[in-house]
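In: Fold the following and give me the result.
(chains A and B)
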Amino acid sequence: MLQVMFSTVTLAAMFRLATPLILAAVGGSFGDRAGVFNIALESFMLSAAFFATLGSYLTRSPYVGALAGILTGLVFSAVFGFFVFHLGSNGLVVSIALNSGAWGFTTLLLTTVFGTRGAFIDNNIQSFPALDIPFLRLPYLDAVLNHQNVLVYFALVFVAAAAVVMYKTPFGLRVRGVGINEKASQTAGVNVLGYRWIATLITGVFVGLAGAFLPLCGVSMFAENMSAGRGFLAVAAIMVGKGNPVKVALSCLLFAYADALTIGFQNMGVPSQIVMTLPYAATILVLFVANIKKAKHADIDA
Amino acid sequence: MKAAASAALRAFADKKSEIVKYLLAFAAVMLIGAGLISFQGEDPVRALSAIWSGALGGRIEIGNTIRWIIPCVMTGMAAVVAFKSGVNNLGIEGQIYFGGFAAAMAGFLVQLPPVVHVLFCLLVGGLCGLLYALIPAVLKLFFRIDEMITTLMLNYIAILLTEYFTVLVIGASSSTASNALQTPPVYETAKLPVLIKGTYANAGIFVAVAVVVVVAFIYRYTIKGYELRQVGENLRFSKVGGVNVVRTFLSIFLISGFVAGLCGGVEVLGSHGRFVSRFSNNLGWDGIMISMIAKNSPFGVLFVSILWGVLKAGALHMERVTNTNRLTVVLIQALFVLFVTIDYKKIYAFFRGRFGRRAVQKGGAV
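Out: Residues are numbered from 1 along each chain as shown, chains lettered A, B, ... in the order given. Sure thing, here's the model as predicted:
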């Protein structure tokens, strides 16, 4: 048991599995901080995963795939923003419609474009390369952090960058201000709608990149409903970390760790269905622990 | 007298704008849907008539449409109960699974006389859905954890757990292919009677309609229903007004879970005859979308569910006889939700404000 929990395989898998969550959740933190209610990340991610596969398939380049994923995320977040900001739709309803539609959309495209149902595997789909970083060639660390996918490192750098942008730049200050008090921001001359739009598009870009990671992280395939709730896990991570990029990323690592354990536990003979509940159960557990202090003055206000 | 007349006029205008709104949404969906179908190289009119004949073309077709209307109405009502009162129960899907599994267990482990057995199984199913809804309700009430996230997570857990229980029931020796996992069939006494021979149209439709009528009655004629609605409309006001918000919140969540569990039971006892893992395939989300289109009105759910049932039943036929993929229908449904949520009044006011100022000054009424 302990062997599984601290094995280099598990920890390496944690970083790999955390990457899409971190990209999506830290990107989504901007939208969250700007006060945009958005649980459509799942649909952005799934659609981006499809178009990233398509991009990579057509050009044999993972970077074109990533670009396609980002563009998809951008388009979907623009649709979301247009409905919520300009057409007066409710964010929850738009999210549910998009999530439900994205499943039909990607599976429909899978059958019409690739002519298959279920999964699409092809040699033309190229994944991101693994990097060999010389200064990580240390005993334990080499097996855990070295030779990971390019995006894994990018995600870690992105967390730091997002934290700086969020807390050390005027832009971050305004985004947070818009979320905390819309009227006050407006009075102070901040373009509330503009900042909400930018925050939503930032969300789209990085959730799109997260989606691109799924088919191009080494498996080089697209499968029906590939995101499998990762968009929702990202939303949960944003809630746990309250939109603080570092805290959000840490909760992503935690969820990913629970996910990584599934591989080892499955080999130990624990039923796969039980093991697969781990990341979802961990999410509820973390929320529970994080909120236990507030429990004393429990009261509903929303 | 004059005031009453103008009030009636305004109500009429409101209703008219609601109708216009649905017509606009419908037209927009039809336009985009036609585009989607022609994109797949098929004539939209042919595809639509294929849906029509596949859903309503004959006795068998109508039977299968009814089969799909049943779960749509029930999940729709589970969503109405929750969302009307501001409880964001996104966990209907999970509650369906637990209800369905429990009903199946009661169906093949217990032996009871004919009618009693079905009712018993349905009750067990409903109660298990209720218990599964208790988890997010307690987490929200006592630990302030947003029910949206917990219910979303619990959906995934429910699908996996019921699958695991199924494995336990049939013994570990069975194949591990997850798409073929199912419990032994329930006793004949536990099955909901079939209404149209050769189809899956079953007596569950009466359960579904009963749920609609009961909920509509509670909302319209009882004090409890007034309180339930009020909590959704204005929480602070109802708190000051002396409504026990905690108890109301809990009962809403539990009723919603009960209806969802009942739906799982009806699906298992009426259509499948046993618990099949992953049988629901997003019925819970269908319900939420239906209630959103129906603006949380019980009878509205009934109408939208008929439309949903027609689309679901007709889609397969459309795929068989035309070049259109049946998932087109899923997209059309999602688009419908999107377009119905648009606040057309706001847009109209915006355009009137920008381009038609003179008309307003002249006293142009809406």
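In: Show the contacting residues for the residue nearest in space to the middle of chain B.
Out: By CA atoms, centre = their mean, chain B has its centre lying nearest to B:Gly287, at 1.8 Å. Counting by CB atoms under 8 Å, 6 or more residues apart in numbering or on different chains, B:Gly287 touches B:71-72, B:74-79, B:92, B:260, B:263. C-beta coordinates here come from the backbone N, C-alpha and C atoms, glycine included.
In: now with 6 Å?
Out: Going by CB atoms under 6 Å, 6 or more residues apart in numbering or on different chains, B:Gly287 touches B:75-76, B:78-79, B:92.
In: Could you save the residues you listed as a markdown table and add columns showing neighbour count and pLDDT?
Out: What follows is the contacts of B:Gly287, written out as a markdown table (neighbours: other CB atoms under 10 Å in any protein chain shown; pLDDT from 0 to 100):
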| residue | neighbour count | pLDDT |
| --- | --- | --- |
| B:Thr75 | 34 | 96 |
| B:Gly76 | 35 | 96 |
| B:Ala78 | 33 | 96 |
| B:Ala79 | 30 | 96 |
| B:Ile92 | 33 | 96 |
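In: Which neighbouring elements make contact with whichever strand or helix holds B:Leu168?
Out: Assigned by DSSP states H and E, B:Leu168 belongs to helix B:147-170. With contacts taken as 3 or more CB pairs under 6 Å, 6 or more residues apart in numbering or on different chains; DSSP states H and E, helix B:147-170 sits against helix A:230-241, helix A:272-276, helix A:278-291, helix B:92-109, helix B:114-143.
In: Show residues contacting that helix.
Out: For helix B:147-170, with CB under 6 Å, 6+ apart as the criterion, the contacting residues are A:229, A:232, A:236, A:239, A:271, A:273-274, A:276-277, A:280, A:283-284, B:88-91, B:93-94, B:97-98, B:101, B:136, B:139-140, B:181, B:183, B:277.
In: Identify each buried residue in stretch B:132-152, please.
Out: For stretch B:132-152, the buried set under the neighbour-count rule, 16 or more other CB atoms under 10 Å in any protein chain shown, comprises B:132-133, B:135-137, B:139-141, B:143-152.
In: gap between B:Leu24 and chain A?
Out: 12 Å (CB to the nearest CB, to the nearest Å).
In: Leaving out sequence neighbours, find the closest residue to that residue.
Out: Distances taken as CB to CB, 6 or more residues apart in numbering or on different chains put B:Tyr344 closest to B:Leu24, at 6.1 Å, once the chain neighbours are dropped.
In: Settle this for me: B:Phe108 is touching B:Glu188, isn't it.
Out: No - the pair B:Phe108 / B:Glu188 is not scored as a contact, 10.7 Å apart, by CB atoms under 6 Å.
In: between the two, which one's more packed in?
Out: Taking other CB atoms under 10 Å in any protein chain shown, B:Phe108 and B:Glu188 do not tie; B:Phe108 has more neighbours (18 against 10).
In: Would you tell me which one of the contacts of B:Gly287 comes nearest to B:Gly57?
Out: Nearest to B:Gly57 among those: B:Gly76, at 24.8 Å, using CB to CB.
In: Show me what the helix or strand just after the helix holding B:Leu168 packs onto, helices and strands only.
Out: Following helix B:147-170 in sequence order, the next helix or strand is helix B:204-221 (DSSP H and E). The criterion is 3+ CB pairs under 6 Å, 6+ apart, and the helices and strands that helix B:204-221 contacts are helix B:59-84, helix B:245-266, helix B:298-321.
In: Do any residues in the first one lie close to chain A?
Out: No - against chain A, helix B:59-84 shows no contacts by CB under 6 Å from any CB of the partner chain, the least distance being 9.0 Å.
In: What residues of that helix count as buried?
Out: Buried residues in helix B:59-84, counted by 16+ other CB under 10 Å: B:61-84.
In: and it with helix B:114-143, angle?
Out: 30 degrees (axes from the mean of the first three to the mean of the last three CA atoms, to 10 degrees).
In: okay, the angle between helix B:59-84 and helix B:245-266?
Out: Orientation of helix B:59-84 against helix B:245-266 (the same axes, to 10 degrees) gives an angle of 170 degrees.
In: The residue nearest to B:Leu24: neighbouring residues, count only.
Out: Around B:Tyr344 there are 18 other residues, counting by other CB under 10 Å.
In: Tell me the pLDDT of it.
Out: You'll see B:Tyr344 listed with a pLDDT of 78.
In: just to revisit the earlier point, closest one of the contacts of B:Gly287 to chain A?
Out: B:Ala79 (10.1 Å; CB to the nearest CB).
In: and that closest one, what is it in contact with?
Out: Shown in contact with B:Ala79 (CB under 6 Å, 6+ apart): B:287-288, B:291.
In: Just the CA atoms of stretch A:278-290, as CSV, please.
Out: Only the C-alpha atoms of stretch A:278-290 are listed here, as CSV (Å, rounded to 0.1, in the frame of the first residue of the first chain):
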residue,chain,number,x,y,z
LEU,A,278,-11.2,8.2,-5.7
PRO,A,279,-10.8,11.6,-7.4
TYR,A,280,-14.5,12.4,-7.1
ALA,A,281,-14.6,11.3,-3.5
ALA,A,282,-11.4,13.2,-2.7
THR,A,283,-13.0,16.4,-4.1
ILE,A,284,-15.9,16.1,-1.7
LEU,A,285,-13.6,15.2,1.2
VAL,A,286,-11.4,18.2,0.5
LEU,A,287,-14.4,20.6,0.3
PHE,A,288,-15.6,19.1,3.5
VAL,A,289,-12.3,19.6,5.3
ALA,A,290,-11.9,23.2,3.9
